[in-house]
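Trainee: One predicted model, sequence on top.
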Amino acid sequence: MTGEDLLSLDRIRSVLTRLEDTIIFSLIERAQFAHNARMYQRGAFKELTDLGFNGSWLEWFLKETETFHAKARRYTSPDEYPFTSDLPDPVLPPLSFPQILYPNKINANPSILSFYTRAIVPRITPTKKHADGIVGDEESEDDGNHGSAATLDVEVLQSISKRVHYGKFVSESKFLDKPSDFIPHILNRNREALDALITKPEIERKLLLRLQKKATTYAQDFGAEGELMVNGKVNGSGKIDVDGVVDLYESYIIPLTKEVEVDYLQHRLDGLSKDEIDKLARSK
Ligand SMILES: C=C(O[C@@H]1C=C(C(=O)O)C=C[C@H]1O)C(=O)O
């Protein structure tokens, strides 16, 4: 596949569509376990502070998992971004990937980790509604499955991270399609104009409709039995908060993908001479 094929917007969008399934299925799996709020609180596990690690249980899981994956050269791939900083070098020589993206250091994972632990996990995990109708408190919302739940959290986070950072490929594709549209706004550092250029409302609308259908179907066909609270009421039919999946995309994943697109474009001319920029602007 040539660099041009790899940057085909249709091909890139088909990868984004496929990642919807990965994200939904990993959310369904995570939703089988309790919120386990302690897992996201720094210093909540004495076993970790005794080891000298002051982060949360999930941050420790990410560090341990990503340390191994880094040694296996996972993060030399242009579509893989770690949540953990200061990872070891790969034990294998890096694979040679075609240089498709313009060199950049954009990593949106801190934002992804924050919205996932604060807004998504509490919403998609079961809230026990006790016989007296009182929703469970933090203590009762812990099923002790801290290893299984964190393993699934890492899977969800890795799939959301891949999806959001694919915004770089989207931006490179749109930029090369019409550099003259973007260059004036990059030079003027006009984020608003760049955001308007990359935003495709119809694509977003169709995506959210498709997502609603997928999440409903998958939840009915693949979710485990169980009553979950959705917006404060027991949702006996669904096995995952379908509205929560759509909201995840509408309120977090799409806006963050577009932020990555604009961040990428803002640095797309870094290091180029005036002549090189003028040549790009004249090309299309
Ligand atoms: C990803 C794209 O860019 C933007 C972001 C989208 C998203 O995150 O789903 C969808 C359309 C655009 O507003 C695209 O054009 O496909």
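Mentor: Sure thing, it's come through.
Trainee: next helix or strand past the strand or helix carrying I24?
Mentor: Assessed by DSSP states H and E, I24 sits inside helix 9-30. Next in sequence after helix 9-30, counting helices and strands by DSSP H and E, comes helix 46-49.
Trainee: Just the CA trace of that next one, in PDB.
Mentor: Only the C-alpha atoms of helix 46-49 are listed here, as PDB (Å, rounded to 0.1, in the frame of the first residue of the first chain):
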ATOM      1  CA  LYS A  46      -1.100   0.700  50.600                       C
ATOM      2  CA  GLU A  47       0.400  -2.200  48.700                       C
ATOM      3  CA  LEU A  48       1.600   0.300  46.000                       C
ATOM      4  CA  THR A  49       2.700   3.100  48.300                       C
END
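Trainee: That one: which residues count as buried?
Mentor: Applying a neighbour-count criterion of 16 or more other CB atoms under 10 Å, one finds L48 buried in helix 46-49. C-beta coordinates here come from the backbone N, C-alpha and C atoms, glycine included.
Trainee: How far does it sit from its chain's centre?
Mentor: Relative to the centre of its chain, helix 46-49 is centred 28 Å away, using CA atoms, centre = their mean, to the nearest Å.
Trainee: what comes into contact with that helix?
Mentor: Residues outside helix 46-49 that contact it (CB atoms under 8 Å, 6 or more residues apart in numbering) are G43, N54, G55, W57, W60.
Trainee: quick check: mean pLDDT across the helix holding I24?
Mentor: The average pLDDT for helix 9-30 rounds to 95.
Trainee: Can you name every helix or strand that it contacts?
Mentor: Other helices and strands packing on helix 9-30, by 3 or more CB pairs under 8 Å, 6 or more residues apart in numbering; DSSP states H and E, are helix 121-124, helix 146-165, helix 167-177, helix 201-222, helix 242-247.
Trainee: Can you tell me which of those is nearest to A193?
Mentor: With CB to CB, the closest approach to A193 among the helices and strands packed on helix 9-30 belongs to helix 167-177: 13.4 Å.
Trainee: tally of neighbours for T199?
Mentor: For T199, the count of nearby residues is 13 (other CB atoms under 10 Å).
Trainee: next one: the one 4 residues further on
Mentor: As a burial measure, the neighbour count of I203 was computed by other CB under 10 Å and equals 12.
Trainee: Ok, L27 next?
Mentor: When neighbours are defined as other CB under 10 Å, L27 has 27 of them.
Trainee: For the closest residue to F61 other than its chain neighbours, give its distance to L27.
Mentor: Distance criterion CB to CB, 6 or more residues apart in numbering; nearest residue to F61, sequence neighbours excluded, is A150 at 4.1 Å. Taking CB to CB, to the nearest Å as the measure, A150 and L27 are separated by 15 Å.
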